[in-house]
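1. Any chance you could fold what I've pasted below:
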Amino acid sequence: MSRYLLAAEADKIQDFIFRAAKLREVVGGSRLLARFCDEGVNALMVHKNHTAANPEKIISDGGAFRFVFDTKEQAEAFGQDLAELYRRCAGGILTVAEPVEYDESEFKKCNDQAQEKLREAKSVGDKGATAVHLPYIAFCASCGSAIATEHQRKILSEQSERANYLCSDCRNKTEEKYDRDKLFLGAFHNALKKHLQDKNKLLPLPSLHKRDWVDVISKADPRNYVAYLVADGNGMGKLFSECDTPEKLRNLSRGLTDALRESLALPCATMLKKQEAIQGLNALPVIPLILGGDDLFALLPAPFAIDFTKHFCQTYEEKLEAALTKPEINLTTGKKPTVAAAVVICKSNYPHTLAHQRGEAALKEAKEMARRIEVHSGKRVSVLNFVVVTGNQVIADEGEETRQECRKSLRPYFVSEDAPEGWGTKIRPLLEARFALRELPGKRRAEFKRLYDDLPEDKKKPSEEGKFRSDWKPDFDELIKRLGVRDDSVQPDNSFNQDDDLPIALRKSLKLLGANKKAVCYLKEVTRGMSEYWHGHGLPDLLEVWDFAYKIDKASGDYEED
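-> Residues are numbered from 1 along each chain as shown. Next up, the predicted model:
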């Protein structure tokens, strides 16, 4: 007797989660989705008597669902009820695919067919329907897009809060932000606790009633900057398609979320142990806003954002590789798991929705580079990108520089140490250069910045010294000469030494973040898969993130100039 596999997936999850005015409501949206996948599905089965059909739950996590039913009719009825329940709980759309015949001995084939049916259903979409028309309507004062259904306080028990027009989704998110059963933020708290021997260092979440979380975490930076981390695993679709049993698919889904949570908790624990400024916040310094599957969006302290993300990527590689080798998963593909990550550093009052959009754009660039490297060289590498939004800048300064022969950047950077030559450089030298150059005066940093801002814009190759713009190279040579940098001084190595004085540290920085002196002005030649050819340097990137490139395991006071 044939059984049937039903596939369903929530659409535009991030749009639903970010349809909120406050970060705590974003967390409420993430938790609401987690509760729906757990409690909501179980309650639906009992309420609608779907348990009589004896369904087998394979996946119900992160907005993705796989169920097995005895008959096609039972699968279709459950899919309709599941989509309706999601609409009522989250105000969103859940796409349900046509059930496919299921044979457990050929699980991979059946799962691929169900995924294909799901793609077809998503491409077709819902049939058109007449919209609701009312003579008098009010939009929700929180998300600003949905129609309000009530006029009252978000938190009914909070008498000091002013009543306002709210949609049902925003009300639900607000209630979910408390995480009373420790399903979302509580799970991260527990993961963090395992890495702290002194449990007194485990700080609580910022108070929900007094200030928003972003206001608390911004206190770690003197100028009230914060950072948002966006991350996504590389090649996860292919990894899921390799699962040939329901148990492997189920365990991989759980293991992936656990690896992501652990990767966020471990560097957070390091900060709590080492940084007095972080301890002084008296609140948890890292807030996961979205954490499920291989997707992550988190709020971080700005001064440590770049190094925190580097440690996150390295830990993710280790944790996921360990999870894949467990007997219950046992997916040894021969290629190490990698991740793409992007950091957006901005003012605390910068809208989190815009920060997420900027992060997604930077993440797309990082993932594209990781894919191209794998195709071109067969290597899998983790890639890190970053963006600094100054003031309340809304529109990115992008596009023009990518058409120039000389660029004041080498982004994105590699987390992996075995990255192929010619594609750019690693993030480690940039972080080490920040500490080695801690005594570089602000005046000299400004001179370097002005110099790189005025890089030649013509298409002439800088490696051909005679064709290089004549007024730029002398200015560069004069500047490093004033700083005492001599190319024939101590021979460089691949790292900085503790006893390096400023001229030697600067010379090493110029070479490690660029090229040898034989290339004009240390500019590095970049040939990404032969489809791109240009020259750039990492020093302008370092100057841009100067205040945000502190190491998480090094005291902030060590960076102060003598």
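2. Spit out the contact partners of residue 516.
-> Residues near residue 516 by Cβ atoms under 8 Å, 6 or more residues apart in numbering: residue 522. Just so you know, the C-beta spots here come from the backbone N, C-alpha and C atoms, and that holds for glycine as well.
3. Please report phi then psi for it.
-> phi -70, psi 170 (degrees, to the nearest 10).
4. I'd guessed residue 342 sits against residue 359; true?
-> Yes: with contact defined as Cβ atoms under 8 Å, residue 342 counts as touching residue 359 (4.9 Å).
5. Tell me the residues that contact both of those two, please.
-> Contacts common to residue 342 and residue 359, judged by Cβ under 8 Å, 6+ apart, are 229, 230, 387.
6. how about these in JSON lines, adding distance to residue 451 and pLDDT?
-> Output for the shared contacts of residue 342 and residue 359, formatted as JSON lines (distance: Cβ to Cβ, whole Å; pLDDT from 0 to 100):
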{"residue": "229", "distance to residue 451": "31", "pLDDT": "96"}
{"residue": "230", "distance to residue 451": "32", "pLDDT": "96"}
{"residue": "387", "distance to residue 451": "22", "pLDDT": "96"}
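7. possible to save those as TSV with secondary structure, distance to residue 151 and neighbour count?
-> TSV is the format used below for the shared contacts of residue 342 and residue 359 (DSSP: H, G, I helix; E, B strand; the rest coil; distance: Cβ to Cβ, whole Å; neighbours: other Cβ atoms under 10 Å):
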residue	secondary structure	distance to residue 151	neighbour count
229	strand	37	24
230	strand	35	28
387	strand	39	22
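8. quick one: which of those residues is nearest residue 450?
-> residue 387 (21.3 Å; Cβ to Cβ).
9. For the closest one, name its beta-bridge partners.
-> Beta-bridge partners for residue 387, by DSSP bridges, are residue 344.
10. so who does it touch?
-> 342, 343, 344, 345, 358, 359, 362, 396 are the contacts of residue 387 under Cβ under 8 Å, 6+ apart.
11. Narrow those residues to those that are buried.
-> Among those, those classed as buried by 16 or more other Cβ atoms under 10 Å are 342, 343, 344, 345, 358, 359, 362.
12. need the strands for the stretch 1-150 of the chain, in chain order.
-> Secondary structure of the stretch 1-150 of the chain by DSSP state E, counting those that start in this stretch: the strands cover 3-10, 56-61, 64-69, 94-96, 100-102, 150-152.
13. Let me have these in CSV, adding mean neighbour count as columns.
-> Below are the strands of the stretch 1-150 of the chain laid out as CSV (neighbours: other Cβ atoms under 10 Å):
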stretch, mean neighbour count
strand 3-10, 23
strand 56-61, 18
strand 64-69, 23
strand 94-96, 21
strand 100-102, 19
strand 150-152, 12
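14. These: which one's closest to residue 196?
-> Closest to residue 196 of the strands of the stretch 1-150 of the chain is strand 56-61 (Cβ to Cβ; 27.3 Å).
15. Show me what the mean pLDDT comes to for the closest one.
-> Averaged over strand 56-61, pLDDT sits at 87.
16. What is that strand packed up against?
-> strand 64-69, helix 246-274 (3 or more Cβ pairs under 8 Å, 6 or more residues apart in numbering; DSSP states H and E).
17. Just checking, which helix or strand of this structure averages the lowest pLDDT?
-> Using mean pLDDT, DSSP states H and E, the weakest-scoring helix or strand in the chain turns out to be helix 168-176, at a mean of 71.
18. buried set for it?
-> Using 16+ other Cβ under 10 Å as the test for burial, helix 168-176 gives 168, 169, 170, 171, 172, 173, 174, 176.
19. from memory the fifth one sits against residue 32, does it?
-> Looking back up the chat, that one is residue 172. Yes: applying Cβ under 8 Å as the test, residue 172 and residue 32 come out as touching, 5.8 Å apart.
20. Could you name every residue contacting both of these two?
-> Joint contacts of residue 172 and residue 32 (Cβ under 8 Å, 6+ apart) are 89, 90.
21. tell me, what residue is most central in the chain?
-> Nearest to the geometric centre of the chain sits residue 230, at 1.5 Å (Cα atoms, centre = their mean).
22. can I assume it is in contact with residue 357?
-> No: with contact defined as Cβ under 8 Å, residue 230 does not reach residue 357; the gap is 9.9 Å.
23. returning to what we had before: so for the residue nearest to the centre of the chain, what's the nearest residue that isn't a sequence neighbour?
-> residue 359 (3.6 Å; Cβ to Cβ, 6 or more residues apart in numbering).
24. Domain boundaries for the chain, per the record?
-> Domain assignment for the chain by automatic domain parsing gives 3-124, 184-398, 433-559.
25. burial count for residue 276?
-> Close neighbours of residue 276, defined as other Cβ atoms under 10 Å, add up to 9.
26. who touches it in this structure?
-> 555, 556.
27. Distance check, it against residue 223.
-> 19 Å (Cβ to Cβ, to the nearest Å).
28. One more: residue 104?
-> 58 Å.
29. So for these two, which residue has more residues nearby?
-> Neighbours per residue (other Cβ under 10 Å) separate residue 104 from residue 223, with residue 104 holding more: 12 against 9.
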